[in-house]
Every structure is written in structure tokens, then in C-alpha cells.
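A.B. asks: Predicted model and sequence below, questions to follow.
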Amino acid sequence: MTAAAVVALLLVTVLIGARGVAAMRTTSDFLVASRRTSPMLNAAAVSGEYLSAASFLGVAGLVIKEGTGALWYPVGFAAGYLLMLALVAAPMRRSGALTVPGFAEARLGSRPLRRFCAVVVVVIAVLYLVPQIVAAGQLLTLVSGVDYWVGVVVSGLAVGLTLALGGMRAATYVQAFQFALKLLLFAGPAIWLLLLAGPQLRADLAAPPEFTRFTAETPVDFRLDTDLVLTEPTTVVVDGVATALEPGPHHAGADQVWVFPAGASVPELGGGRAPVPGGAEWALPLLGTADTAPLLTTWSVLVATALGTMGLPHIIVRFHTSPDGRGARRTAAITIAMLGAFYLFPIVYGLLGTVLTPELYLSQGTDTAIVTLPGRITGGGTAAALTAMLTAGAFAAFLATSLGLLLALSGALAHDLMPSGLRRLRLTALAASAAVVPAALLMVRVDVSAAVTSAFTVAASTFCPLLVLGLWWKGLTARGAYAGMVTGLVATVGAMALDAALGLGGTAGMLLAQPALWSVPCAFVVMIAVSLGDHVPSDAEATMLRLHLADRE
Amino acid sequence: MSSRPRRVAVTAPPARGTVVPRPHAAAALDPDLTAAARRLRRVQLRRAVVTLTCAAVLLFGLPVLLRLAPELAQWRVGGLPFGWIAVAWLPYPLLAVLGWWHLRRAERAERSDRADRVDTAGHRP
């Protein structure tokens, strides 16, 4: 049933995509649907595009792994649209440029700057696109037993073909349809599962028991190389071989399956970065543990997610499908409400996952926790139906986000890095999806939520200052924009690479892993300082002011 | 709704294959319009700052509150700890209301600006 649901979803997506072909004529049609979309439809499309694997699966998984503080991620995701509404939507739409690189050139009159922006678009889109496809592959592997590469190739093909056939016109309908579908397939099973839950489970949801002992014989399928510390002698079945393990540190290799007996004490995770599910640190709704400054961690994630939203190239381009600045602003306002409705539900899955599948905290396979939940609560046809619904919804999330990202990616490549017409743009969409598939095959072990957050951090440190200053400050110059964006890009990518290499703990490690709190102000300061020392063209003020004149009726 | 003949491709390749190049950059703004645009930008910026300050106080303040008053986070409302409700549900309606409020003020500013300009110039399209 699950396979049938996914196949049906793919077919509908491609069909809706193909419908768009008849109406498509020019490059502008391909990119922004000829700008005739109503705010309501467009807001549904924005939400559909925005709600990715990270929202559908990742947040609930993070609640198991990092505690209830993970619920700050979706708060930041939604708050991003308030910033979009207040600062970006209307003037950006009036600028008339189709993409962020196009805006950079129109506002600051520099072609090299445009090319640099296109490079940043490619960095962000790849950081965001690859984990989507990775997650799609993992999901298909889990629910249908096909090989990981089959899932990756199937999802890559579906996305590339839909885009190449229909472009954004197709994508607008596809995305709006996918939002309705995702909301239904996320909220429906959540309510259904709560209704199925017995009184004991409901009591546990309000206060999940601390995960200190295995209540039943539990297989743990390690996704990554993991260091464990056993607290008592335990006989563990490692890949089918019973092994008596002494207390102390042990190493579990990736893809090993350890079966712990009922009643055994739960080993501690090496590194001690993650709070134990159900423990006091887990229950405190802040990110990070006591030694990593919870307040700063929470703030940094909020800054990255909220400011990063405005810098995501696939979201910005979506506002150009509104007919005018007012329509774009209304789109942003409706989007806040639509996303809010969706984000009421991750806590349900997060709590269910913490109570029913706490062992995923050991295996780090929390990204797919949601689809295993129905089987733990009920059985038979109901569980199969619920799993099929959740899988289809999660797959819709991958498809929707990937479509938008691929569009931004191929737009940047075909349009800004090597100008060309429609045919090349279509070919680029296919080529880009073909290039992403091998990357997804190689990066099977990447953590979906972490990679997506890094895309937000890069966006917040580069495009956010460019857009805010470019839209509201006449003094911004091309050289200033360039210097600020280079600073932001180097700071974020450098900090995250340094974190991966050093693996520091504590506050310093946190500031490297989540650099938004300092990298965004740095980018702003450099951008303003360099612009102040530069010559501002005489027509800069007029170019900027036009973006704020109300639309003609 | 799909009429076959309309599928003739009218591809109109743009001259340099690029986006609409700097739509209005050539023409300078006339002085009236410049003054109006300056005024409008200032008003909209002020409204954006007010809205975003409210949101920042709310979103950055909530973690501080939960950190400084853990007993508040553990206080149970209808069975669930208040801290969870405050993170999982509370922000969304508040953000939606804040967004709605900002949208109304931003549109009102544009309407009153247009009315002003029609009054003074009298020949706006």
C-alpha cells in the first residue's frame, strides 16, 4: 500500500506538471508563471515549497534527539515570513528582477556581482537539495525495502522531469496541491494516532519516562559510527552474534544492528552532546545542553532560521509570481498563517517518538521516526494505511522543496552564469537533477536537519544583508555588497568546516556549529562599512525609492 | 480548456537572454514623486521596525523567560508543561496576528499616500 501511495503521488505530480506545458511560452513564463497568481494560491505554493523533509520528518526526529527545544526550529521557519512580509516581499516584487542575482544587478548595476550571487545560489541550493534527496532515498529504503540508490534515482528523475516539462507554472499548481496534501497527511495521522492511543500512552505523552532501561528486547540499527558507554555488563546480539560486553566505552560501526535484551541499562552516548530522551534537559524547551549555553544556542538557531528564510533563493523567486508588490505582501501574510497551522503538529510526533521509539536516539536514525510510529501504536490495516499516508506526505515534502530548489539552481546556472534561452534552461534543470543524484548517493550518512540548517545559515549571512540593505538603504554599493557577502559566506562555511574538523564541545563548539548569531552581524557590518567608504552612484536613491512607490492601479 | 492551436511556440528569446534589465533605471523620478517615495519609504520602514521589534521581544524573550523561571516551564496547563505549549503552539497565532496587523498598516500607508498624491497632483493614472 505504501508503494502504491508513493507511485500515485509521483504520477499526480508529473501530470500536474505536464498540464503546465500547454500554457508555457517564454523564459519568463517558465521562471515565474507569467506573474498572474493570486495571493491565496501563491501562499499555498510558497508553503508547499517551503515545508521540506526538515519540517515533515526532521523536527519530530530532532525532538527525540535534542529535546523539546527543537520546537524552536519551526518557530524560526514561520517567523521568517514575518521578516519577508515587513521588509522584502513588496519592494522585491516591484524591483522587477526575477532572481536574487537579477536583483543585485538591477539595484547595484554590477554584472560580476550578479555572477557571485549566482554562485551563492548554487551553494545554498546544493546544501538544501542534496539532503532532500538523501532523505527520500532513506525513506523509500525503510518503507518498501528497495535499495537506497533506487529511491534516490526515482526521486531525482521525478523532480527533474516535472520541472523540465512544465517549469514554474507547473510548479505553482504542484506546490499548492502539495501544501494541501501535506497538511492533510500530517495533521490527519497525528489526530488519528492520538485517538488510537490508550490511556497509558496518553499519560506518558504528557510526561515521557526517562530512557534509562530497555522495556523490551530492542534492536538498534546504527546509521553512523557511534561511541557508546555501557554502565553495566550486558549481553548484546551484534549482527546476530551474542556478545558479552563489559561496562565502559564501546564502538558501534555504521550499519551494525545491536539487539539489547529487555531490562538492560541504556548505554550513554559518547561525547555527551545529546540529552537523554525524557530527562530533565530534554524536557526544558531550549536547545543545547547545560554546557553549551542554551540561551545562545536557541537564539542562534532562531536567527539562522528566521533570517535565512528571506535569503532562500527558491522562496524569493516565488514572490515574483504575484501580480504586484501588494499581492506579494499579502502572499507573505497568508503564508505565516498557513505555516502556523502545519507547525502545530510536530510536537505530537516528537512526543510520540520519544515515548515509543527512544532507541532511535542511540542509532541517530531519528529522521525516519515518524513513519515507524503507526506500527508501534496499532497493527494490521490501520497501521499500514497510516504509514502509507505519512510516507506519501513526506515524499510530497521532498518533491515540493526539490522542485523549487532545482528551479533556483537551474535558473542561476542557465540564466546568470551562462545566459541562454528556454531550451537551455530546460536542459539545465535535467542536468542539475542528474548531477545531484550522485551527490546524494555519496552523502548517504548526512544528517538531514543539520545540512538544511547550514543552508539557512549561509542564506542568512549572505542574501539577508544584501536584500535588507539593498531594498532600504540608498548607500549600499556593489563593492560593499560583494565584501559583505564574501564575509558571510567565508565565516559560515569556514566555521562549520572548522566545527566538523575540531569537534569542540561547549560554548565555543556551539558558536562554530551555529555561527548565525555572529556571522550575520559581521556580514551586515562589513557591507555597511565598505559601502560607506565607496562612491554611491547618483541614480542609486531613485532606483531604491521606486521600490517603495505603491503599485499603479 | 486546452485548445490545440494555441500551443504554437512564441518563444521570443530576449536580446541577451536575460531578465528585464533595470526596468525604470533610465528615467529619473520627478521631484513630487521623489518626495512622496521618500515619505513612503520612511513610513514603511518605521512600521516594519515596530512589527519586527514586537516579534523579536516575543521570540528572544520567551527563551529567557523559560531559562530564568524553570518552574514556569514546568507548570502544567491541561496536563502539558507550559514550557512546551509556549514553544509548540503559542508563537504561531501571535505571529499570524502580528503579520495581519502589519499588512493592514502597510496597505493603509500606501492608500493614504496615493490619496495625497491624487489631491496634490490631480493627474495620476
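C.D. replies: All right, it came through fine.

A.B. asks: And the helices in chain B?
C.D. replies: Taking DSSP state H as the criterion, chain B contains helices spanning B:31-68, B:70-74, B:82-88, B:91-121.

A.B. asks: what do you get for the stretch 251-400 of chain A?
C.D. replies: All helices of the stretch 251-400 of chain A, identified by DSSP state H, counting those that start in this stretch, fall at A:280-283, A:294-311, A:313-316, A:325-342, A:346-356, A:360-363, A:369-377, A:380-411.

A.B. asks: which stretch among those comes nearest B:Pro63?
C.D. replies: Smallest distance to B:Pro63 across these (C-beta to C-beta): 4.5 Å, for helix A:294-311. Every residue, glycine included, has its C-beta placed from N, CA and C.

A.B. asks: that older thread, would you single out the least confident of the helices of chain B?
C.D. replies: Set side by side, the helices of chain B show their lowest mean pLDDT on helix B:70-74, which sits at a mean of 84.

A.B. asks: Now it - C-alpha only, PDB.
C.D. replies: Taking Å, rounded to 0.1, in the frame of the first residue of the first chain, the C-alpha atoms of helix B:70-74 are listed here in PDB:
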ATOM      1  CA  PRO B  70      12.100  26.900  35.100                       C
ATOM      2  CA  GLU B  71       9.200  26.400  37.400                       C
ATOM      3  CA  LEU B  72       7.100  28.400  35.000                       C
ATOM      4  CA  ALA B  73       8.200  26.000  32.200                       C
ATOM      5  CA  GLN B  74       7.100  23.000  34.300                       C
END
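
A.B. asks: For that helix, name the packing helices and strands.
C.D. replies: Using 3 or more C-beta pairs under 8 Å, 6 or more residues apart in numbering or on different chains; DSSP states H and E as the contact test, the elements touching helix B:70-74 are helix B:31-68, helix B:82-88.

A.B. asks: Buried deepest among the helices of chain B, which one?
C.D. replies: Among the helices of chain B, judged by mean count of other C-beta atoms under 10 Å in any protein chain shown, the one packed with the most neighbours on average is helix B:82-88 (a mean of 22).

A.B. asks: need the helices and strands packed on helix B:70-74 in JSON lines with distance to A:Gln175, can you?
C.D. replies: Supplementary listing: those in JSON lines, determined by distance: least, C-beta to C-beta, whole Å:
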{"stretch": "helix B:31-68", "distance to A:Gln175": "26"}
{"stretch": "helix B:82-88", "distance to A:Gln175": "26"}
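
A.B. asks: Near chain B, which residues of the stretch 51-200 of chain A are found?
C.D. replies: A:68-69, A:71-72, A:75-76, A:78-79, A:81-83, A:85-87, A:90, A:95-99, A:102, A:105-106, A:109 (C-beta under 8 Å from any C-beta of the partner chain).

A.B. asks: how about 7 Å then?
C.D. replies: Applying C-beta under 7 Å from any C-beta of the partner chain, we find that the stretch 51-200 of chain A lies next to chain B at A:68, A:71-72, A:75, A:78-79, A:82-83, A:85-87, A:96-98, A:102, A:106.

A.B. asks: circling back: for A:Glu217, find the nearest of the helices of chain B.
C.D. replies: Across the helices of chain B, the minimum distance to A:Glu217, taken as C-beta to C-beta, is reached by helix B:82-88, at 31.0 Å.

A.B. asks: hang on, the earlier thing: of all the helices of the stretch 251-400 of chain A, which lies closest to A:His250?
C.D. replies: Between A:His250 and those, the tightest spacing by C-beta to C-beta is seen for helix A:360-363, at 11.7 Å.

A.B. asks: hang on, the earlier thing: need the helices of the stretch 251-400 of chain A in TSV (columns: mean neighbour count and mean pLDDT).
C.D. replies: TSV is the format used below for these (neighbours: other C-beta atoms under 10 Å in any protein chain shown; pLDDT from 0 to 100):
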stretch	mean neighbour count	mean pLDDT
helix A:280-283	20	88
helix A:294-311	25	93
helix A:313-316	26	85
helix A:325-342	24	95
helix A:346-356	25	95
helix A:360-363	23	86
helix A:369-377	21	90
helix A:380-411	25	86
